[in-house]
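Asker: Predicted model, plus sequence, below.
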Protein chains: 2
Amino acid sequence: MKTQLELARDGHISEEMRKVAHAEGIDVEILRQRIAKGTVVIVGGLRQNSQPVGIGDGLGSKVNASIGTSTEIADLGLELRKAAVALESGADTLMELSVGGDLDKIRRTIIEATPLPVGTVPLYQAFCEATERYGDPNKLTEELLFDVLERQCADGVAFMAVHCGINLYAIERLKRQGYRHGGLVSKGGATMVGWMLANERENPLYERFDRVVEILKKYDTVLSLGNGLRAGAIADSLDRAQIQELLINCELAEAAREMDCQVMVEGPGHVPLDEIETSIILEKKMSGGAPYYMLGPLVTDVGAGYDHITAAIGIAMSSRYGADLLCYITPSEHLGLPNEEDVRIGVKAAKVAAHAGDIVKLRGRVAERDLDMSRARRDLDWERQFSFALFGDDARAMRDSRSPGAEHNCTMCGKFCALANANRHFM
Amino acid sequence: MKTQLELARDGHISEEMRKVAHAEGIDVEILRQRIAKGTVVIVGGLRQNSQPVGIGDGLGSKVNASIGTSTEIADLGLELRKAAVALESGADTLMELSVGGDLDKIRRTIIEATPLPVGTVPLYQAFCEATERYGDPNKLTEELLFDVLERQCADGVAFMAVHCGINLYAIERLKRQGYRHGGLVSKGGATMVGWMLANERENPLYERFDRVVEILKKYDTVLSLGNGLRAGAIADSLDRAQIQELLINCELAEAAREMDCQVMVEGPGHVPLDEIETSIILEKKMSGGAPYYMLGPLVTDVGAGYDHITAAIGIAMSSRYGADLLCYITPSEHLGLPNEEDVRIGVKAAKVAAHAGDIVKLRGRVAERDLDMSRARRDLDWERQFSFALFGDDARAMRDSRSPGAEHNCTMCGKFCALANANRHFM
């Protein structure tokens, strides 16, 4: 099977490209050119029940919701309900990040159950299986690792975060730097670093990058170059270890593109407000415009319990400055495994934030929605307000819960409504 | 009584200045100089039970919570509970914006009950009383208007949003502009515009600005120059009508300062992400550095039900670029009168956002808290994490609700904890 990148380079317009162009309201030939250039990727659309989703230059910012079991709470029913809530709340993609229970079964069941493109982090399963078989993640073999990659791709995984950019050179940078205030916070990244140190060996995902690309390409699984050395603390943002890994990931992105594999690059993590733009400029420049997948970012470390809000701030800024796929963060981040309500809150906060960025990044028809909403609001036309609101049902429920006395106003201002008063002079 | 501005200009260091300098961790002489220059104001501290709060250059961004009855829901008990929740959740100031019920009684009761500096919008009460007495807000007399100002100041109101900058010249700009997508959304502003058009008269608050200043100065009530023509729609942001009013408000700020009256300027409203910095630069420049009080801003119009999040994004950006006092927005904005839970959610979202801005704006000891948190997180020291988190009790409750199996990890990653694994190599 040809990847969307190969098809685009051949001048072929696929059914997936048509669907994405239609959903985004852009010309399909322009979309094809961007895919051919590698500034847009299409995830999903490979399975009967999954919708293709476009990510990249000129397209709406997309929101990813991550679910998955942990070693402490492994309940497939809960994960299925979380997947359903993510879809209902407006997530564009879903990452299935289980590390507890029967990992193959959980992944296959989730992929079967959701129309969202599903992403994974294969290092999780690889290290889990190494621990099961050999009692030690550091005993992971290259063969087992690549077997897991292939097994996941064959199941219809739409995109995959693979930690190829952590090489010995990057670890040397981490050592010379001599500090990491927040430590290593990527589960896959930290465990791979441990493996490399224990085995005194190069990362096989870096060393055998051609093999990674070959496997993913075969299934047109989009390669998402993982951010294993990402900052997990504001104070670590843009440190040399992280930039070293980003640089290598950008180099690998170019190589993957040359091999006709669709690819994007992952970013942090924890980033202060004034460094978000820098992170995006750097990734876009060094990778030749590969789509950027930001994990939030969180703009402060002290928001525990409210990290859907610290992430919403980061997501709005990322979206504005050109990031393409934004990972939601739930209120339980740093504290425990998210439940359904956390997923709902996380996705909605992220969607609102991505939209706020998009009205600056994309203007045009995205900003039209805000204009329509403003006019409906000025006209006190509640039905139209609910139709333009991102979450109209929630807005309606909140208004109804305060039972307004009159049809046209609300209980906030009541008879003292600015819009009902002087506005007739200026409309 | 002398205002803090007069005292500072006299070279006198007041008890209030000492308290503020201590709370902010800055040198009291530097604080005095900033107050003398007008780049910092102190609100509150006039009443026995109110704490003085510093607002302005080099101080932490402050969060205001607005409460108050509407014509539809006027329940003093509810407002007292909302005031208590605002305090508990970390609000720095409280605006009492009632327009329903016995306004004098409600205001006095709230001021009595809270240690927070209380602000008001006197035009609300003035128009309410004109409607009661004469059956028409447009029959408001100048005497009644100034009587309300004096009555409110005498009650110990710490700061007052007064709509002085809406003059006939600004209304002419609004007319020439020929549009307002979102209409006029300031209750006080819209009603004053209606009054000016009906009476074919200049705004008395502009025409008799000296009288406004005289009254507020007598009680050292801080004048907050209201934003009556503010944009209530993203598409109206930075329109000429609004900038005209801002310009006049900045001119009046200078005049008030010359008369030894403490003063700040109010900003919008609804502002897209890429115009927040411009709004702040403009206000700071044109006013000679008067503290800027931003109402959010909301960075999209379509977030109804989630406007605490759209405001958190705006607050973080405002705080970062130098705004000084930020008004919270609750989830019920645009939909109904907030209840206690809305107040709690709104204040906490705003506090998290203000902190994210402050770690960039102020760095130093503000950013230290994030660093301490990161280290506690790296060390899996939960008690220290809860002590550095902005809302440690909420964070603890969330972690406990997922009953972690082991003392050191949480249910998010369980045994597969990045921090517990490879980090020993890099700490």
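Answerer: Looks like it arrived, so ask away. Numbering: from 1, shown residues only, chains lettered A, B, ... in the order given.
Asker: contacts, neighbours, all on C-alpha from now
Answerer: OK.
Asker: Buried residues, the lengthiest helix in chain A. List them.
Answerer: Criterion DSSP state H: the longest helix present in chain A is helix A:340-361. Neighbour counts over helix A:340-361 (16 or more other C-alpha atoms under 10 Å in any protein chain shown) mark A:340, A:342-361 as buried.
Asker: Can you list the low-confidence ranges for chain A?
Answerer: Within chain A, the stretches with pLDDT under 70 are A:48, A:404-406, A:422-427.
Asker: domain assignment for it?
Answerer: Chain A breaks down by automatic domain parsing into domains covering A:59-362, A:365-426.
Asker: Pull up the residues of the stretch 1-150 of chain A that are close to chain B.
Answerer: Applying C-alpha under 8 Å from any C-alpha of the partner chain, we find that the stretch 1-150 of chain A lies next to chain B at A:70-73, A:99.
Asker: mind listing the strands for chain A?
Answerer: Under the criterion DSSP state E, chain A contains strands at A:40-43, A:53-56, A:62-67, A:93-96, A:118-120, A:159-162, A:222-225, A:263-267, A:292-294, A:325-327.
Asker: Please dump these into a markdown table; it should also carry mean neighbour count and distance to residue B:84 for every row.
Answerer: Output for the strands of chain A, formatted as a markdown table (neighbours: other C-alpha atoms under 10 Å in any protein chain shown; distance: least, C-alpha to C-alpha, whole Å):
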| stretch | mean neighbour count | distance to residue B:84 |
| --- | --- | --- |
| strand A:40-43 | 28 | 49 |
| strand A:53-56 | 26 | 46 |
| strand A:62-67 | 27 | 36 |
| strand A:93-96 | 26 | 40 |
| strand A:118-120 | 27 | 45 |
| strand A:159-162 | 25 | 47 |
| strand A:222-225 | 26 | 48 |
| strand A:263-267 | 29 | 41 |
| strand A:292-294 | 28 | 38 |
| strand A:325-327 | 29 | 36 |
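Asker: Could you provide those strands in TSV, with additional columns for distance to residue B:279?
Answerer: Below are the strands of chain A laid out as TSV (distance: least, C-alpha to C-alpha, whole Å):
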stretch	distance to residue B:279
strand A:40-43	34
strand A:53-56	30
strand A:62-67	29
strand A:93-96	36
strand A:118-120	41
strand A:159-162	40
strand A:222-225	38
strand A:263-267	30
strand A:292-294	28
strand A:325-327	28
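Asker: Of the ones you listed, which is nearest residue A:81?
Answerer: With C-alpha to C-alpha as the criterion, residue A:81 lies closest to strand A:62-67 of these, at 10.0 Å.
Asker: Who does that closest one pair with, and is each partner parallel or antiparallel?
Answerer: strand A:93-96 (parallel), strand A:325-327 (parallel) (DSSP bridges).
Asker: any chance of these in a markdown table, with distance to residue A:287 too?
Answerer: Converted to a markdown table, the strands paired with strand A:62-67 look like this (distance: least, C-alpha to C-alpha, whole Å):
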| stretch | distance to residue A:287 |
| --- | --- |
| strand A:93-96 | 23 |
| strand A:325-327 | 16 |
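Asker: To residue A:148, which of the ones you listed lies closest?
Answerer: Among these, strand A:93-96 comes nearest to residue A:148, with 14.4 Å by C-alpha to C-alpha.
Asker: ok, residues contacting that closest one?
Answerer: A:53, A:62-68, A:83, A:86, A:107, A:110, A:116-120 (C-alpha atoms under 8 Å, 6 or more residues apart in numbering or on different chains).
Asker: ok, 7 Å please
Answerer: A:63-68, A:107, A:116-120 (C-alpha atoms under 7 Å, 6 or more residues apart in numbering or on different chains).
Asker: For residue A:376, state which of those is nearest.
Answerer: residue A:63 (27.0 Å).
Asker: Check the gap between that closest one and chain B for me.
Answerer: Residue A:63 is 16 Å from chain B, where distance means C-alpha to the nearest C-alpha, to the nearest Å.
Asker: what bridges to that residue?
Answerer: Going by DSSP bridges, residue A:63 is paired in beta bridges with residue A:326.
Asker: Distance from the longest helix of chain A to the middle of the chain?
Answerer: Taking C-alpha atoms, centre = their mean, to the nearest Å, one finds the center of helix A:340-361 at 12 Å from the center of the full chain.
Asker: Could you see whether chain B lies near that helix?
Answerer: Yes - residues of helix A:340-361 contacting chain B under C-alpha under 7 Å from any C-alpha of the partner chain: A:349, A:352-353, A:356, A:360.
Asker: can you tell me which residues contact residue A:34?
Answerer: Residue A:34 neighbours (C-alpha under 7 Å, 6+ apart): residue A:40.
Asker: Contact residues of the stretch 151-300 of chain A facing chain B?
Answerer: Counting by C-alpha under 7 Å from any C-alpha, the stretch 151-300 of chain A sits next to chain B at A:175, A:178-187, A:190-191, A:193-194, A:233-235, A:272-274, A:299-300.
Asker: could you pull out the helices for the stretch 1-150 of chain A?
Answerer: With DSSP state H, counting those that start in this stretch as the criterion, the stretch 1-150 of chain A has helices at A:4-9, A:15-24, A:28-37, A:76-89, A:103-113, A:122-134, A:142-154.
Asker: any idea which of the ones you listed is most buried?
Answerer: Per-stretch averages of neighbours, counted by mean count of other C-alpha atoms under 10 Å in any protein chain shown, single out helix A:4-9 among the helices of the stretch 1-150 of chain A, with a mean of 22.
Asker: Thanks a lot, catch you later.
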